[in-house]
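>>> Dropping a prediction and its sequence here:
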Amino acid sequence: MTKEKTEKPVLTDEQKRIRRKAIFNRYKAWLYLLPAIVILLIFTVWPIINTIRISMLRNYDSMQELGGATFEFGFGNFAAVARYDKFLTCLGNTMLLTVITVPISTMLALLIAVGLNSIKVFRKAFQTIFFLPYVTNSIAIGMVFMTMFQMIGRVESPVSLGIINTIIEAFGGTRVNWVNVGSNYWANIAVLSIYIIWNALPFKILVLLGGLQGVNKQYYDAAKVDGASRIRTFWRITVPLLSPMIAYVVITGFIGGFKEYSSIVGIFGESMGPVGNKGSLNTMVGFIYDNIQQNQGRASAAALILFAIIFVVTMINLYVSKKKVHY
């Protein structure tokens, strides 16, 4: 007994149109995302994969590779980075600037955001003023800071003290050699920290102010009824309710801090330090840029080391956030 063949139903033109439309609706999101995915694959994913590949090749040179040369595979580039005499200096500067600037900028941004949220008159004007550094070229800002802290002429008898030293002496203080020849390392770090903190404030203020404006005012009304002081209200209501935004700006602050480079170039130029002490303020990103032309394999290995450090710090921040953040 043979099985009867089941005939496929004949679809009308209208049914075919509906079917095609259903298939399109199922995949249209991917079609819309396709241009962005292609761009990400070309300019983000492939460079990351290529960086990992290059970091494993000893004495890699892109021009030689185009000529058909092959390179020894191994972890020698990572060992070379660790042995490099400037590596620990760059890593130390990066970590020091990050540890100093992130907590201070976050706390200042929180206080300024609270202040801006509490005023009614000229709030928009103040928001614009505080946001201006974010849309200003960082190199240009660095040059302005250099002029503010720089003494023109000889340090012993300068023609101009600079704005900061002029203010210091006006209040009876002693001038400081901030960025000139023979300046102290910690004076250089102080200038960089002030610049980085000032430059980081606008974005953090914007995020925290947005979070504050979304807080239910009933919490503050209840605190007033209970007679809670402003300080207690700040620590018991404002900070817990803003903890997701605070965690966000701290995490992004650490990521940005470990990638610090333009601030040093803006103030000290490509020497990455005051005259006579070249490279004393170099960072991990500066270390990578310095090695791109000299040794691409070592630069790629340094980039992966920096990525690993940022990844570990970010994971620690996320772990702490789970314990402290209130959603």
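It's in.

>>> What average pLDDT does the helix with the most length in the chain get?
What stands out as the longest helix in the chain, according to DSSP state H, is helix 87-118. Per-residue pLDDT over helix 87-118 has a mean of 91.

>>> That helix: what's the following helix or strand?
helix 123-131 (DSSP states H and E).

>>> Surely residue 272 touches residue 265?
Yes - with contact defined as Cβ atoms under 8 Å, residue 272 reaches residue 265; the gap is 7.3 Å. Placement of C-beta: from N, CA and C, glycine included.

>>> In terms of neighbours, single out the busier of the two.
Counted by other Cβ atoms under 10 Å, residue 272 and residue 265 do not tie: residue 272 has more neighbours, with 24 against 18.

>>> who are the neighbours in contact with the more buried one?
Neighbouring residues of residue 272 by Cβ atoms under 8 Å, 6 or more residues apart in numbering: 264-265, 278-283, 286.

>>> Which stretches in the chain count as strands?
Here the chain has its strands, by DSSP state E, at 152-153, 158-160.

>>> any chance of those strands in CSV, plus distance to residue 240, mean pLDDT and mean neighbour count?
Output for these, formatted as CSV (distance: least, Cβ to Cβ, whole Å; pLDDT from 0 to 100; neighbours: other Cβ atoms under 10 Å):
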stretch, distance to residue 240, mean pLDDT, mean neighbour count
strand 152-153, 50, 75, 11
strand 158-160, 49, 74, 12
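
>>> Need the ones you listed in TSV (columns: distance to residue 226).
Formatted as TSV, those follow (distance: least, Cβ to Cβ, whole Å):
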stretch	distance to residue 226
strand 152-153	58
strand 158-160	56
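
>>> between these, which gets nearest to residue 137?
strand 152-153 (23.2 Å; Cβ to Cβ).

>>> Run through who's touching the closest one.
Residues contacting strand 152-153 (Cβ under 8 Å, 6+ apart): 158-160, 162.

>>> try 10 Å
Residues outside strand 152-153 that contact it (Cβ atoms under 10 Å, 6 or more residues apart in numbering) are 158-162, 180.

>>> Partner strands of that strand and their direction?
Using DSSP bridges, the strands paired with strand 152-153 are strand 158-160 (antiparallel).

>>> and of the contacts of strand 152-153, the nearest to residue 198?
So of the contacts of strand 152-153, ranked by how close each gets to residue 198 (Cβ to Cβ), first place is residue 162, at 16.6 Å.

>>> Now do the same for residue 1: its pLDDT.
47.

>>> can you check residue 147 too?
85.

>>> doesn't residue 160 make contact with it?
Yes - with contact defined as Cβ atoms under 10 Å, residue 147 and residue 160 form a contacting pair (9.5 Å).

>>> Report how many residues lie close to residue 140.
Neighbour tally, residue 140, other Cβ under 10 Å: 10.

>>> show me the contacts for it.
By Cβ under 10 Å, 6+ apart, residue 140 lies in contact with residue 266.

>>> hang on, the earlier thing: what angle separates the longest helix of the chain from helix 123-131?
Orientation of helix 87-118 against helix 123-131 (axes from the mean of the first three to the mean of the last three Cα atoms, to 10 degrees) gives an angle of 170 degrees.

>>> Just the buried positions in helix 87-118, please.
Buried residues in helix 87-118, counted by 16 or more other Cβ atoms under 10 Å: 87, 89-91, 93-95, 97-98, 100-102, 104-106, 108-110, 112-114, 116-117.

>>> cool, and stretch 292-307?
The neighbour-count check on stretch 292-307 (16+ other Cβ under 10 Å) flags 295-306 as buried.

>>> Relative to residue 86, how far out is residue 92?
Applying Cβ to Cβ, to the nearest Å, the value for residue 92 to residue 86 is 10 Å.

>>> Ok, residue 220 next?
Relative to residue 86, and taking Cβ to Cβ, residue 220 is found at 52 Å.
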